[in-house]
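# Whatever this is, show me its structure:
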Amino acid sequence: MEVNTERVIIVGGGCSGLALAQGLKKAGIPVTVLEKTSQESMLTGRDWNMATHWGLPDLAELIPLQMYTRLPSATVDPHTPIRERDELRFLQGNSGELLLAVPVQNLHRLRRSKLRELLAEGHDVRYGCSLSRVDFSDDGQHVTVFDNAQGMAPECRMLVGADGASSFVRNQLLPHEATLQERIPYRSTFLQANYTAEQARFLRSFHSLNIGAVHPIGRFDFCGMQNVPDPDRPETWTFFFNITWPLSLETQEGMDASPEASLLIVKDLAKDFYEPWRSGIGWVNPDAADTWNVWAFTMGIWDPRTPGHQWDNKDGRITLVGDAAHTMTVQRAQGLNHALRSARELRDAIKQSGDGEVSRKEAIDVHESSMQARAGAEVELSKANTEMLHDWEKFKESPLYRHNMRRAN
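Predicted structure coming up:
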């Protein structure tokens with residue numbers, strides 16, 4: 001890579017890193033993205049979907065208008081128009097009783113792979129990178145990142161870590177122990193599967209996009225569409241299920257996390273659920289491995305406000321964004337919204353310092369302080385929300401159930 005001391009290098013080709021890159025490019029700032037995986041695995045590897053609504057104006061600020069108008073192509077079902085008003089339904093897991101109908105506006109459920117593909121357009125993305133270290137110039141102006149795989153040592157104006165919950169860049173900024181997520185005693189399993197046309201139509205009859213369930217025995221499940229390549233051929237549709245349940249960290253340490261073992265566990269858990277979970281998971285045939293995909297993990301968070309988690313941005317030369325800066329649990333579905341807000345605010349700070357309005361250090365300091373307070377509070381809320389959804393009595397006493405949402409009778 002050619003040396004460009006005005007360039008911003010972003011480590012991580014996920015949604016937040018690519019959205020930030022689009023925003024910098026839009027502002028006339030040269031940018032390069034370094035991604036550890038290959039381009040093929042970015043598009044064909046493990047995939048999931050994400051909700052965004054209040055983060056959409058931030059995305060619109062970051063990307064070109066013609067790209068934003070194509071955003072529906074990255075949804076789980078690009079053939080169904082986005083509803084201006086919709087609702088998220090939550091059922092009682094063991095009976096199917098409708099507990100809540102939560103009003104939402106302009107909700108986009110975006111496939112991660114398709115959103116990344118869209119946001120990568122027109123970018124200088126270097127795939128297959130294996131980064132080893134970061135150096136800072138003595139003059140306080142530049143930063144260099146070393147790549148073992150491609151032999152690059154590009155010098156740049158700023159380095160941004162957008163490389164996820166196990167961030168390499170975060171490990172360059174803090175002692176190793178401070179970079180680790182706080183693991184919480186819950187297990188999460190994602191299952192994606194295809195069905196016969198009749199089965200697929202039955203599963204989708206519960207909601208066109210997604211539906212949740214809170215089970216009195218302390219389990220939570222979310223299910224819905226992952227991919228609708230052909231709306232007239234239900235046998236091509238892919239559905240997803242996400243079951244989470246309390247499980248001690250000690251027990252999880254010794255668990256078999258293979259797809260086969262994880263599928264058997266989630267099938268056993270589904271027996272206690274009502275429809276559509278009971279049938280949707282029960283129908284999955286362990287011997288038909290080409291029709292399903294499953295993975296499981298221990299849930300965790302990383303709060304940038306926690307003592308010891310504040311990093312030195314080296315006079316505004318290095319910072320974090322997205323999950324690298326604020327790792328959340330998934331049940332509140334706020335990760336992408338906060339990632340987009342952080343990316344837009346960071347783009348504005350970089351542009352402000354580049355325009356000479358303030359020093360680079362001052363601009364990044366102000367941005368980080370705001371980001372850490374806003375997103376850190378959401379990290380804390382995400383943990384509390386996960387705990388509440390897995391405790392039936394807490395759930396029934398929660399503002400979510402009693403006050404803030406319209407009860408469905």
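# Leaving out chain neighbours, which residue sits closest to residue 391?
residue 218 (6.4 Å; C-beta to C-beta, 6 or more residues apart in numbering). Bear in mind the C-beta positions are built from the backbone N, C-alpha and C, glycine included.
# Any figure for the gap between residue 250 and residue 276?
Distance from residue 250 to residue 276, counting by C-beta to C-beta, to the nearest Å: 33 Å.
# Could you pull out the buried residues of the helix or strand where residue 187 lies?
Element membership for residue 187, per DSSP states H and E: strand 182-194. Using 16 or more other C-beta atoms under 10 Å as the test for burial, strand 182-194 gives 186, 187, 188, 189, 190, 191, 192, 193, 194.
# Could you let me know which of the residues you listed ends up closest to residue 236?
residue 194 (7.4 Å; C-beta to C-beta).
# so what's that closest one up against?
By C-beta atoms under 8 Å, 6 or more residues apart in numbering, the contact set of residue 194 is 200, 235, 236, 237, 238, 239, 291, 292.
# Likewise for residue 228?
Counting by C-beta under 8 Å, 6+ apart, residue 228 touches 76, 77, 78, 79, 80, 236, 237, 238.
# Quickly find the element holding the fourth one.
When secondary structure is defined using DSSP H and E, no element contains residue 79, which sits outside every helix and strand.
# what does the second one give?
Here residue 77 sits in a region with no helix or strand, counting by DSSP H and E.
# Torsion angles phi and psi at the residue nearest to it when sequence neighbours are not counted?
Beyond its immediate neighbours in the sequence, the residue positioned closest to residue 77 (C-beta to C-beta, 6+ apart) is residue 228, lying 4.0 Å away. Per-residue torsions, residue 228: phi -130, psi 80 (degrees, to the nearest 10).
# and if you look at the one 5 residues further on?
According to degrees, to the nearest 10, the main-chain angles of residue 233 amount to phi -130, psi 90.
# Whatever helix or strand residue 378 lives in: how far from the chain's middle?
Per DSSP H and E, residue 378 falls inside helix 360-389. With C-alpha atoms, centre = their mean, to the nearest Å as the basis, helix 360-389 stands 15 Å off its chain's centre.
# how about the next helix or strand after that helix: buried residues?
Later in the chain than helix 360-389, the nearest helix or strand by DSSP H and E is helix 392-397. Within helix 392-397, the residues that count as buried by 16+ other C-beta under 10 Å are 392, 395.
# Which elements pack onto helix 392-397?
strand 210-215, helix 360-389 (3 or more C-beta pairs under 8 Å, 6 or more residues apart in numbering; DSSP states H and E).
# one more time with 10 Å, if that's ok
strand 98-105, strand 210-215, helix 360-389, helix 399-402 (3 or more C-beta pairs under 10 Å, 6 or more residues apart in numbering; DSSP states H and E).
# got the domain boundaries for the chain?
8-79+109-181+302-387, 182-301 (automatic domain parsing).
# quick one: the longest one to chain centroid distance?
On the basis of C-alpha atoms, centre = their mean, domain 8-79+109-181+302-387 is displaced by 11 Å from the centre of the chain it belongs to.
# Please look at residue 206 and residue 200 and confirm they touch.
No. Applying C-beta atoms under 10 Å as the test, residue 206 and residue 200 come out as separate, 11.8 Å apart.
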